[in-house]
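# quick one, structure for this:
(one chain, ligands or ions: 1)
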Amino acid sequence: MNELAMMSKAMIQERKDILLSILGGFVAGIAGVGLFSASGYMIAQTVFAPPLYTLIVLTSMVKLLGFVRAASRYGERLYSHRATFSMLSRLRTSFFAKLIPITPGILNKNRSGDLLARIVGDVESLQNYFLRVAYPPIIVVMVFLSTVLFTSVYSLWVACLLVLGMLITAFVVPGIVLLGQRKIHGRVRQQRALLSTEVTEVLYGFRDLKVYGQLEQREQQLQQASAALALEQQRAAGHLLLGQSMHIFVTYLVTWGVLVVGAWLIMDGSLAGVYLAMLILATQTVFEEATAMAVLPVYKQDSEHAARRLTETVQSSDVQPAQPGGQCATEQAVSVQLSHVTFQYEGEWRAALNDISITFPPGSKTAIVGPSGSGKSTIVDLLLKLREPTSGDIQLNDVSLSKLDEESIWQTSNVVLQQGHFFKGTVRDNLLLNGEEHADEQLAAVLNKVQLPNMSLGDTVYEKGENLSDGEKQRLALARVMLRSGRMWLLDEPTSSLDYVTEQHVLQQVFAQSADDTLLLICHRLTGLEKMDQIVVMDRGMIVETGSFKELMEQQGYFYEMKNIELQMIGDQPSA
Ligand SMILES: Nc1ncnc2c1ncn2[C@@H]1O[C@H](COP(=O)(O)OP(=O)(O)OP(=O)(O)O)[C@@H](O)[C@H]1O
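Reported below is the predicted structural model:
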């Protein structure tokens, strides 16, 4: 199965532990068959009052085999689980490595709860592929062939009966299990993803659901999803039980068969009666060792389904994984050039950006303004290589983004996104997100610059910055960015929640620090734009005007109208 190629690759890397676990499993299986055969033989021998030394040898053998069985079973479990956990860790690492560069595309398509279920549940399920699908059959076949060889020394009929029983165990029972399994195929996984999705939606949207009076209804949906998952889990468990029960049935059927054939052979004189108990116990033990075969199809399908969902996740994105490329020079301010850039979100009928061409010279300060939805934030996403343009080219320092390593772009960028994320921890943790070293004095100074003098570095920040006001979050995001040394500033509405005075003070600090750098400021408010080198006015994915504040006001076009409306709104006199 193609989807499981990643699992096979991981297994090859753990081949030493895998070989040791197969060896351990084989020795444990053989020792088990030997142990019970020797016990059966010993019980039968006691009837004939054998010499003491015979009993001593048999008893010692039973004890020794018991010890070997326990020790090798322990070894098998130890190495197989060690291999499994190493494989899972490799899979997780490679899955995350593929996932991270394509995250924007993935979040477009998957609900976060479903994604969570995939990342945690599906990767975890793959452990069953090795532990219950890949290596147990190898051990079963080896132990079984050895047992058939052993029984054939005493009776070919018994050996044939074992082969017949094993064929039923290996093909008929799993076949029946597989038929039923198709019906419940993947339903547990789907229900789990659904429940995870419902839980995240309720957690994220708790306040809105409460205010809109929808909480009770969503709680009911949550309970329904939980009940549906429990039902599917019950069905799946029942199905597993059915497979195991059928296997036990076959085991006893074959054991009875050996008893009948053995009795017949004894009467016939072709088998010594003392061996009958030994053959019966050997049969029962070898079939017990093969229990894994009955549930193998269930786990095989489950692992395939999990692998398919994981493969789909990392394939289903409009963004290609990054190819290592050139480095963006950090010692100089960055020049940015967009040439005929068009971008369309997957599944959208309208382009978010339509044939945009614009240059931001090194060290320039540009404001991008325009109505909501005009494509301003999309430009930032494209510049950060979080998305690829549908057509056209973007160049940083005259090098196409497609040739630049995205890490190097991020390193040279000081970014404040519209919805910056804050992590559970302290203010210090959230400031030091970039991994750079900064003394507490530096951190406190930067908090001062963004007008957060009362916030101390040890203050707790809740997940998503729940305990901070929107204005505090924006100032903390600006403080975070001011600790970086990038030469390209991309600020997407960084002060939209601040009052005018605080906004001007904070922006002044940002402009002072970025004096020699290229800066792009996306904003709705048109105040304070006089000092920008260039203002880009956007509407419906297109650039409708560019120029300095003075030029645009003189043109009396789109920007002039916007400015007048703003002045009227705040009760100022419209411009002449
Ligand atoms: N993830 C997405 N999937 C599909 N369409 C999107 C996505 N993000 C944005 N869009 C659409 O792309 C267009 C441009 O969005 P963008 O966020 O760039 O606008 P904006 O000018 O930054 O808006 P705002 O000022 O409200 O932040 C909008 O029509 C929006 O609906």
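# per-residue confidence at L178?
At L178, the model reports a pLDDT of 79.
# actually D539, sorry about that
At D539, the pLDDT value in this model is 94.
# going forward, begin numbering at 408 instead of 1
Got it, first residue is 408 now, which makes that one D946.
# that one and N971: what is the separation?
Distance from D946 to N971, counting by C-beta to C-beta, to the nearest Å: 16 Å. Any C-beta I mention is one placed from the backbone N, CA and C, and that applies to glycine too.
# point out the residues in this structure that sit beside the ligand.
Counting by C-beta under 6 Å from any ligand atom, the chain comes close to the ligand at 515, 752, 755, 759, 777, 779-785, 825.
# filter the residues you listed down to the buried ones, PyMOL style.
PyMOL command restricting those to the buried ones, with burial defined by 16 or more other C-beta atoms under 10 Å:
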select buried, resi 515+752+759+777+781+782+783+784+785
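# could you identify the most distant pair in the residues of the chain next to the ligand?
N515 and G777 (22.6 Å; C-beta to C-beta).
# how about the helices in the stretch 508-657 of the chain?
Counting by DSSP state H, counting those that start in this stretch, the stretch 508-657 of the chain has helices at residues 510-516, 519-524, 530-532, 534-535, 543-561, 563-574, 580-590, 594-611, 613-618, 622-675.
# who wins for proximity to P860 among those helices?
Using C-beta to C-beta, the helices of the stretch 508-657 of the chain put helix 613-618 closest to P860, at 29.7 Å.
# which elements pack onto the closest one?
With contacts taken as 3 or more C-beta pairs under 8 Å, 6 or more residues apart in numbering; DSSP states H and E, helix 613-618 sits against helix 622-675.
# how big is the angle separating the helix it packs on from helix 594-611?
Angle, helix 622-675 to helix 594-611, by axes from the mean of the first three to the mean of the last three C-alpha atoms, to 10 degrees: 160 degrees.
# just checking, what packs against the following helix or strand past helix 622-675?
Heading C-terminal from helix 622-675, the first helix or strand you meet, by DSSP states H and E, is helix 683-696. On a contact count with 3+ C-beta pairs under 8 Å, 6+ apart, helix 683-696 meets helix 422-453, helix 543-561, helix 563-574, helix 622-675.
# so how far is the third one off the chain centroid?
Using C-alpha atoms, centre = their mean, to the nearest Å, the mean C-alpha position of helix 563-574 is found 46 Å from that of the whole chain.
# pretty sure V721 contacts F502?
Yes. In this structure, V721 is within contact of F502 by C-beta atoms under 8 Å, at 6.9 Å.
# follow-up on the earlier one: adding mean pLDDT, mean neighbour count and distance to S710, write the helices and strands packed on helix 683-696 out as JSON lines.
As requested, those are exported to JSON lines (pLDDT from 0 to 100; neighbours: other C-beta atoms under 10 Å; distance: least, C-beta to C-beta, whole Å):
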{"stretch": "helix 422-453", "mean pLDDT": "94", "mean neighbour count": "20", "distance to S710": "16"}
{"stretch": "helix 543-561", "mean pLDDT": "94", "mean neighbour count": "18", "distance to S710": "13"}
{"stretch": "helix 563-574", "mean pLDDT": "94", "mean neighbour count": "18", "distance to S710": "24"}
{"stretch": "helix 622-675", "mean pLDDT": "91", "mean neighbour count": "15", "distance to S710": "14"}
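# now those helices as a markdown table including distance to E958?
A markdown table is the format used below for these (distance: least, C-beta to C-beta, whole Å):
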| stretch | distance to E958 |
| --- | --- |
| helix 422-453 | 69 |
| helix 543-561 | 76 |
| helix 563-574 | 87 |
| helix 622-675 | 52 |
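# centroid residue for the chain?
What sits nearest the mean C-alpha location of the chain, by C-alpha atoms, centre = their mean, is I526, with 2.6 Å.
# quick check: that one touching L498?
No. In this structure, I526 is not within contact of L498 by C-beta under 8 Å, at 11.0 Å.
# coming back round to it: distance of the residue nearest to the centre of the chain relative to the ligand?
20 Å (C-beta to the nearest ligand atom, to the nearest Å).
# got a list of what that residue touches?
I526 sits next to F502, L506 when contact means C-beta atoms under 8 Å, 6 or more residues apart in numbering.
# try 10 Å this time
R499, F502, F503, L506, L717, T720 (C-beta atoms under 10 Å, 6 or more residues apart in numbering).
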